[in-house]
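Asker: I would like to see how this sequence folds:
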Amino acid sequence: MKTFKQAMLLLLAGTATMGISTAYAAEQPATKPVIDQNQINNDKFKDMKFDIDAKSVRNDLYAEKYPLQYQSWLSTKKSEKIGDALAEDPRLVVLWGGYLFSVEYNHPRGHYYAITDVRNILRTGAPKDETTGPQPAACWTCKSPDVARLITEKGEDGYFGVKWAKWGNEIVNPIGCADCHDTNSKEFAEGKPALRIARPHVLRALDKVDWNFERSDQTDKRAAVCANCHVEYFFAGDKKTVTFPWQNGMSVEQMEKYYDDLQFKDWVHSLSKAPMLKAQHPDFEIWTMGMHGKNGVTCVDCHMAKTQAADGRVFTDHNIGNPFDNFQNTCANCHDQSKEKLQGIVNSRKERVTQMLIKLEDQLVHAHFEAKAAWDAGATEDEMKEVLQDIRHAQWRWDYTSASHGAYVHAPEVALNVLGSGLDKAADARRKLAVILTKHNVAQPVAIPDISTKEKAQAAIGIDMEKHKREKEEFLKTVVPQWDKEAKEKGLLPADAK
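Answerer: This is a model prediction of the structure:
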């Protein structure tokens, strides 16, 4: 097997630098991808079995044997504040018009809240039973070690292919120990990390980029476990199987080509009618392209540093956070600059990337409304075809960068190149739209409604927020307590869990 650095260099060698609808698409394909389901079904990772059971998924059961690690994980509970990203930047509501991200999108909280937040967010809807609701089971996949347990028990086809609500009383433990460690192994009992990945789709994707987990060294494994979740993915086939689009590579262009070749779209935009892609969180992919990734500095080195307890014991801090909050144990291990100096460099890069993001958002907002005006004036599909593809590609580049946590520090030059090419594509779309609008006698500039607040933006694209909130409140009051009651009866939660 190639080493991580060799594999990534080969992988990146060819990368270029570069009327309003009120129905909202679920976070799943609006069309069935043209994908060979047999390729998913017939591989060495299909229906892999892992040593994971109802006891090993409970994080509280490790508190006594591994108190330092457990208490540091538990401290992720301190990230209580829910940051409303749509309120901070109402342009996002327009960019995701027709998709449930325009209803609610928040900044991520700590691992402790993984189950709470996916239940509470409006995007998962308000299912009344295991067969209703907007989302597939795949939406649980990053949230809990119970997912690996269910895949082992039911197989991939048994886990995927049903509604999200099907597993509401089974997936109840937030991201924790058994997601990254083989907690039933002899090595783990001896106090060793026993790192493992217990999700077949992740192992399948890593194998495609010549990164066999079992044959990897400890450094590569420490990076790979984060790819359990911090990656780009989509839901493939009738079963909505979580799949990483790494067939061609991890760059924005390589994944875009993969999606384009499949003629895949996450949803159709309610204004522009463009076939859109929604990036998830390609943190892992962008990290591989930056200086840290290329030099073997992993996520764990920066975000889960070794820490010395009061009694002198050294342990891995599971309160995943900003490296500057633990500077001496993270950045200072490699950098000789002061904390203030490095923070200044990072803040400068963040400012440049953020400025580019906002510029691209502004262009995309105009493009979506201009495309709607063109359709309303009688533009044809032939006239709009290239425009819609430009909008799709421009917003994919924006989202690829925006959805990656910390792209400005993980690979700032990549982020700026991607956003620059996104601005070019948005400009191409608007230039072509200007010609179409002129042809159809539409006055320019096209008026943009007031989207200065989240509420105004949501009203402008026809979202009934009161309905979403009312239904979710009823769901949390009636359905979720029953889920937890049944989970306790199965031994998946402690009897006194709240």
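Asker: Could you measure from Asp84 over to Tyr105?
Answerer: Applying Cβ to Cβ, to the nearest Å, the value for Asp84 to Tyr105 is 8 Å. (Glycine included, C-beta is placed from N, CA and C.)
Asker: Ala457 now?
Answerer: Relative to Tyr105, and taking Cβ to Cβ, Ala457 is found at 12 Å.
Asker: Need the residues touching each of the two.
Answerer: Shared between the contact lists of Ala457 and Tyr105 (criterion: Cβ atoms under 8 Å, 6 or more residues apart in numbering) are residues Leu86.
Asker: Between the two, which is the more surrounded one?
Answerer: Ala457 (25 against 22; other Cβ atoms under 10 Å).
Asker: what's around Asp424, how many residues?
Answerer: 15.
Asker: what's the helix or strand for it?
Answerer: Per DSSP states H and E, Asp424 falls inside helix 412-439.
Asker: same question for that helix, mean pLDDT?
Answerer: Mean pLDDT, helix 412-439: 99.
Asker: Tell me the first helix or strand C-terminal of that helix.
Answerer: Counting by DSSP H and E, the next helix or strand C-terminal to helix 412-439 is helix 454-460.
Asker: Check which helices and strands that next one sits against.
Answerer: On a contact count with 3 or more Cβ pairs under 8 Å, 6 or more residues apart in numbering; DSSP states H and E, helix 454-460 meets helix 85-88, helix 91-95.
Asker: which residues are contacting it?
Answerer: In contact with helix 454-460 (Cβ under 8 Å, 6+ apart) are residues 84, 86-87, 90-91, 93-94, 102-103, 449-451, 465.
Asker: rewinding a little: mind listing what's buried along the helix holding Asp424?
Answerer: 412, 414-423, 425-426, 428-430, 432-434, 436-437 (16 or more other Cβ atoms under 10 Å).
Asker: repeat for stretch 254-262
Answerer: Applying a neighbour-count criterion of 16+ other Cβ under 10 Å, one finds 254-256, 258-260, 262 buried in stretch 254-262.
Asker: Just flag the most distant two among those.
Answerer: Gln254 and Leu262 (13.3 Å; Cβ to Cβ).
Asker: Need the max-distance pair from the contacts of helix 454-460.
Answerer: Asp84 and Pro449 (20.6 Å).
Asker: Summarise which helices and strands the longest helix anywhere in the chain is packed against.
Answerer: Criterion DSSP state H: the longest helix present in the chain is helix 339-376. On a contact count with 3+ Cβ pairs under 8 Å, 6+ apart, helix 339-376 meets helix 91-95, helix 381-402, helix 407-410, helix 412-439.
Asker: wait, Glu285 sits on Pro245?
Answerer: No. With contacts counted by Cβ atoms under 8 Å, Glu285 stays clear of Pro245, the gap being 9.7 Å.
Asker: what touches both of the two?
Answerer: What both Glu285 and Pro245 touch, as defined by Cβ under 8 Å, 6+ apart, is the set 232, 255.
Asker: Tell me which of those two has more neighbours.
Answerer: Neighbours per residue, other Cβ under 10 Å: of Glu285 and Pro245, the larger number sits with Glu285, 31 against 25.
Asker: List phi and psi for that one.
Answerer: phi -60, psi -50 (degrees, to the nearest 10).
Asker: where does Ala114 land on pLDDT?
Answerer: On pLDDT, Ala114 comes in at 98.
Asker: Give the other helices and strands that the strand or helix carrying it contacts.
Answerer: For Ala114, the host element (DSSP H and E) is helix 114-120. In terms of contacts (3+ Cβ pairs under 8 Å, 6+ apart), helix 114-120 is packed against helix 465-489.
Asker: One more pass at 6 Å, please.
Answerer: Applying 3 or more Cβ pairs under 6 Å, 6 or more residues apart in numbering; DSSP states H and E, one finds that helix 114-120 contacts no other helix or strand.
Asker: Could you list the buried residues of it?
Answerer: By 16+ other Cβ under 10 Å, the buried positions in helix 114-120 come out as 114-115, 117-120.
Asker: Just give me the closest of the contacts of helix 454-460 to Thr298.
Answerer: Asp84 (31.3 Å).
Asker: tally of neighbours for the closest one?
Answerer: Using other Cβ under 10 Å, the number of residues around Asp84 comes to 13.
Asker: nearest spatial neighbour of it, skipping sequence neighbours?
Answerer: Nearest residue to Asp84, sequence neighbours excluded (Cβ to Cβ, 6 or more residues apart in numbering): Asn106, at 5.9 Å.
Asker: could you measure the one you found against Glu130, distance?
Answerer: To Glu130, Asn106 is 26 Å away according to Cβ to Cβ.
Asker: Next: Ser79.
Answerer: Distance, Ser79 to Glu130, by Cβ to Cβ: 31 Å.
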